[in-house]
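> Provided below are the primary sequence and the corresponding predicted coordinates.
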Amino acid sequence: MKFCTFASGSSGNCTLVSHENTHILIDAGISMRRTVLSLRELGLEPKDLSGILVTHEHIDHVRGLYNLIRHFDVPIFATHKTAAALVSSVPELTETICVFTSGESFGLGSMEVHSFGTPHDTPESVGYKLCAGSRSLALVTDLGFVPGSVLDAVRGCDAVILEANHDVEMLIKGRYPPFLKKRILGDRGHLSNEAGARFALSLVQSGTRRLLLAHLSKENNTPELAFTAFNSQLRSGGAVLGRDFEMSVAPRDTLSMIYSL
């Protein structure tokens, strides 16, 4: 199993997961052009995609979705309420979306896809755990806190792409209006570095060996702050970088390195 991000942040999110001849996008929050160029940089074409998994309907996760389905025959998978929100904006998606209920699992090519609900300010947002053989990867971003159900869903994954959205001090002192700060800090908003780091420690203690920090805010975080906060929390919990786990930060607007499990 291999994975990489095409983009990660408030401006757009798109992740590719591959195993054998199965290639799955999680979200399509960048332009079709950027998505196609990223695929081609990896030697792939849109026709090679087995499907697109949508976490939720916010624009930074679906910006390129409509153009992709207009030009290419790629199935889209979304929860009932997410699908309804997408179709209300773009009725043409009706014929393309494969609908499921949060918590359901299904096969897609050589991978098994497990969905789980996430606490975010949308009706039915989800994260995903993808399994191939003995390997597993989870993507968990856009959540205001980490409920036990989420931790249970991803516990023991080999690799986890997880949220490190903001530094609390930067957010509070920053230029965002009060209502937006309240939303981000709420339990249906986004994970801070500190909250994400506590989540990461639980993951490493459960056997996760690869962490990819994602969905960093351009205005309220930096890769250096996020990495330091996570590493400090993990070290305090007895987990040593390079011995017990590997960790990196997903680029906001460029292709990440390719990770293999």
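Structure received. Residues are numbered from 1 along each chain as shown.
> ranges for the helices of the stretch 51-200 of the chain?
59-62, 65-71, 80-89, 148-154, 168-173, 178-185, 193-205 (DSSP state H, counting those that start in this stretch).
> so which of those gets nearest Lys47?
With CB to CB as the criterion, Lys47 lies closest to helix 65-71 of those, at 10.4 Å. Heads up, the C-betas are built off the backbone N, CA and C, glycines and all.
> low-confidence ranges in the protein?
For the chain, no stretch is flagged by pLDDT under 70.
> Point to the residue nearest the middle of it.
The centroid of the chain falls nearest to Leu139 when counting by CA atoms, centre = their mean (4.3 Å).
> Ends of stretch 200-211, what's the gap?
Across stretch 200-211, the terminal residues are separated by 8 Å (CA to CA, to the nearest Å).
> Identify the residues contacting it?
151, 154-160, 162, 230, 233-234, 237, 239, 244-248, 259, 261 (CB atoms under 8 Å, 6 or more residues apart in numbering).
> okay, the helices of the stretch 51-200 of the chain in JSON lines with mean neighbour count next?
Shown next, in JSON lines, are these (neighbours: other CB atoms under 10 Å):
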{"stretch": "helix 59-62", "mean neighbour count": "21"}
{"stretch": "helix 65-71", "mean neighbour count": "18"}
{"stretch": "helix 80-89", "mean neighbour count": "18"}
{"stretch": "helix 148-154", "mean neighbour count": "16"}
{"stretch": "helix 168-173", "mean neighbour count": "15"}
{"stretch": "helix 178-185", "mean neighbour count": "14"}
{"stretch": "helix 193-205", "mean neighbour count": "22"}
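> Which among those helices is found nearest to Ser105?
Across the helices of the stretch 51-200 of the chain, Ser105 has its closest neighbour in helix 148-154 (10.6 Å, CB to CB).
> Now do the closest one: which elements does it pack against?
Under the contact criterion of 3 or more CB pairs under 8 Å, 6 or more residues apart in numbering; DSSP states H and E, helix 148-154 touches strand 111-117, strand 126-132, strand 135-140, helix 193-205.
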